[in-house]
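>>> predicted model and sequence below, questions to follow.
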Amino acid sequence: MKEILMPRFDPEMKTGKVVEWLKKEGEKVQKGEPIVRIDTEKVSLDVESPESGILSKILVNPPTEVTVGTPLGSILLEGEKAEAGEPTSPIPPSIPSAAQAPKSKLVTTVVEEEEPSGRTDWVRASPSARRVARELGVDLKAVKGTGPMGRVTKEDVEQYKPSPHVIAEPSKEVLRMEEVGRAQIPTQTELFKTKRLDSMRTIIAQRMTQSWTEIPQVPLFSDVNLGEVEKFKAGMEKLIGKRVSLTAIITKAIASAMRSFPDLNSRYENGEIREFEDVDVSIAVALESGLISPVVRKANKKTATDISAEIEDLASRARSGKLSPSEVRGGTTTVSNLGGYGVDSFIPIINPPQVTILGVGKTRPNPQGNPICTLTLVFDHRVTDGARGAQLLQKIKDFIESPYLLQMA
């Protein structure tokens, strides 16, 4: 018997959530075959079978979060015998035959109504008569009962015709049922469906709520001229024969600028500012299920072409769910580019414990016909002030408008 344990995908991982078993109890599995999907703080990963055999028992059902090292299930190895109660092969659902099906008896019980004590407006009537009266809006007090002891029957209600000069007021019971009925019939604007947040969306919700409520965030805006950077980009692409993204050049620009602002290349944790020597830039990547930010490590020491290739690889693996947890941890700032979605400018939200984030809008012509885009630098006001943030934004802008300086940065 081999246990399947919650693995530790990286040194910082403490818990993981079982979100889906890819195999059922009793199914055969091969060593190295994915058998269970786990959600960590930022990524979903498949756990592979440690041995070949039969998935004999599932101990943790989705969606359950457990600590690293917790047994998730067990595999019956080839040649081993199953213990009592453990499946050794898939068990298909069975439908009992007519001979096996339990016999049932139909028992009809007539319950005689008792007059509630203290009620003077109570009418003796059968349940079906009360139902029909509610449907037709008939006041049972106006109906003469023909049943035993003057009980109002269904037929009495159906045959009842009010006197032409008397308009009976609906009973309180009828009014209550009408109110309940109206409350249960949704209007067009009330039609909706409910779905639970998946684990990634839940984490995003928690972190963005934490960021928005705890961090005093200040946005600074500036339009940057892209004329020179487009020439620089075209020259590099011709030289290396590969595409170089604008996001990569802006990533290199913020990484180079941060070298002069170590207090902003930092994280704010537990009342302390931790300044870092290298600039690790998180790149926001949109997924169908949410957002993930893989990290370009030591971007200050890489060329724009190297960064472009790395971003392309990280984004591709992010969308196919093949990033490791270590690749989405530990950034010191973030770049979020919504230019490809036609957005002129926007205010991104800081990803704590980082203290800055740079938003990039779409490329568009200014009145003079020059290509520009709007940069939005958001900073944590607990860590610095507006003047310092403005200086950093201007430094980023300088590198973008004079991109050849990036080759010396």
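Yep, it's here.

>>> spatially central residue in the protein, please.
Arg201 (1.9 Å; CA atoms, centre = their mean).

>>> how about the backbone phi and psi for the closest residue to it other than its chain neighbours?
In this structure, Arg201 finds its nearest non-sequential neighbour in Gly290, 5.3 Å apart by CB to CB, 6 or more residues apart in numbering. No exception for glycine: its C-beta is placed from N, CA and C like everyone else's. Backbone torsions for Gly290, taken as degrees, to the nearest 10, come to phi 160, psi -130.

>>> what number of residues lie near Gly339?
Residues contacting Gly339 under the criterion other CB atoms under 10 Å number 20.

>>> re earlier: which SSE is the residue nearest to the centre of the chain in?
Remark: Arg201 resides in helix 199-214, with elements defined by DSSP states H and E.

>>> pLDDT averaged over that helix - what is it?
Per-region confidence: helix 199-214 scores 88 on mean pLDDT.

>>> and that helix, what does it pack against?
strand 290-292 (3 or more CB pairs under 8 Å, 6 or more residues apart in numbering; DSSP states H and E).

>>> packing partners for the strand it packs on?
helix 199-214.

>>> next helix or strand past the helix it packs on?
Next in sequence after helix 199-214, counting helices and strands by DSSP H and E, comes strand 217-225.

>>> state the paired neighbours of that next one in the sheet, together with their directions.
When pairing is defined by DSSP bridges, strand 217-225 lines up against strand 371-380 (antiparallel).

>>> distance of Ser199 relative to Arg329?
Ser199 sits 17 Å away from Arg329, taking CB to CB, to the nearest Å as the criterion.

>>> and what of Glu277?
Using CB to CB, one gets 17 Å for the distance from Glu277 to Arg329.

>>> Ala284: neighbouring residues, count only.
For Ala284, the tally of surrounding residues (other CB under 10 Å) stands at 21.

>>> for the nearest residue in space to it that is not next to it in sequence, name its beta-bridge partners.
Nearest residue to Ala284, sequence neighbours excluded (CB to CB, 6+ apart): Ser336, at 3.9 Å. Taking DSSP bridges as the rule, Ser336 bridges to Gly359.

>>> tell me the contacts of Ser336?
Ser336 sits next to 284, 348, 357-360 when contact means CB atoms under 8 Å, 6 or more residues apart in numbering.

>>> so what's the residue count around Ala133?
Neighbours of Ala133 under the rule other CB under 10 Å: 27.

>>> and it, how far is that from Lys154?
Going from Ala133 to Lys154 by CB to CB gives 9 Å.

>>> still on that earlier bit, Ser199 and Arg329: which has the busier surroundings?
When Ser199 and Arg329 are compared on other CB under 10 Å, the one with more neighbours turns out to be Ser199, at 22 against 19.

>>> list the contacts for the more buried one?
Residues near Ser199 by CB under 8 Å, 6+ apart: 17, 19, 39, 44, 63.

>>> among those, name the least confidently predicted one.
Going through the contacts of Ser199 one by one, the lowest pLDDT turns up at Ser44, 76.

>>> surely Val68 is in contact with Glu12?
No - if you go by CB atoms under 8 Å, Val68 and Glu12 don't touch, sitting 10.6 Å apart.
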